[in-house]
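1. Task: produce atomic coordinates for the following.
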Amino acid sequence: MLAAILDAEARPEGIYVTLNPTSPALLGRADHRLKAGVNRTQDSEMVALCNLLLDADPVRPAGISATEAERTKAREMSRAIYAFLRGLGWPDPLCADSGNGDHLVYKISLANTSENVALIKGILRALAARFDTCH
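-> Take a look at the predicted model:
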């Protein structure tokens, strides 16, 4: 029961997880518990970059769920990105339904440096330029 392990005072709007390992010092925030009002983990607090998330979501107002047609378009975009990257020799990612769209999670192994963060941002910009339909 998820609700039973949340703090009684407040329920969070969403639950966020990190896909990359964080500094062990962050366990002081909420060690193995869900806790509302905790500071969100910053990029600089990642000890390594082990997963690259590609999130294909339709553009819509905040708080509004995607329609089935929007989810279908996001899924089609996700599959196109998957095929494109596979054609470039990328390995198969973990594929998941995000609720409003699709996630592709690629295993990577990079130190969390400004150069590697810039590399990842460049990859994301290049994919957005090629596949984003909101230009």
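
2. measure the closest residue to I108 other than its chain neighbours to V59 for me?
-> Leaving aside its chain neighbours, I108 sits nearest to L52 (5.0 Å; criterion: CB to CB, 6 or more residues apart in numbering). In short, each C-beta sits where N, CA and C put it, glycine included. Distance, L52 to V59, by CB to CB, to the nearest Å: 22 Å.

3. what's in contact with stretch 93-101?
-> Residues outside stretch 93-101 that contact it (CB atoms under 8 Å, 6 or more residues apart in numbering) are 54-58, 60, 65-66, 70-71, 74-75, 78, 82, 85, 102-107.

4. Wait, F84 touches A126, no?
-> No: between F84 and A126 there is no contact under CB atoms under 8 Å: 10.5 Å.

5. Among the two, which residue is more densely surrounded?
-> Neighbour totals were compared for F84 and A126, and F84 leads with 13 against 10 (other CB atoms under 10 Å).

6. Check the gap between the more buried one and N51 for me.
-> 19 Å.

7. thinking again about what came up before, now name the helix or strand holding the residue nearest to I108.
-> For L52, the enclosing helix or strand under DSSP states H and E is strand 48-56.

8. and if you look at F84?
-> helix 68-87.

9. Report the mean confidence score over the helix or strand following that helix.
-> Going down the chain from helix 68-87, the next helix or strand is strand 94-97, by DSSP H and E. Across strand 94-97, pLDDT averages out at 91.

10. Please name every helix or strand in contact with the one helix or strand G122 maps to.
-> Secondary structure assignment for G122, by DSSP H and E: helix 114-131. When contacts are defined as 3 or more CB pairs under 8 Å, 6 or more residues apart in numbering; DSSP states H and E, helix 114-131 packs onto strand 48-56, helix 68-87, strand 102-111.
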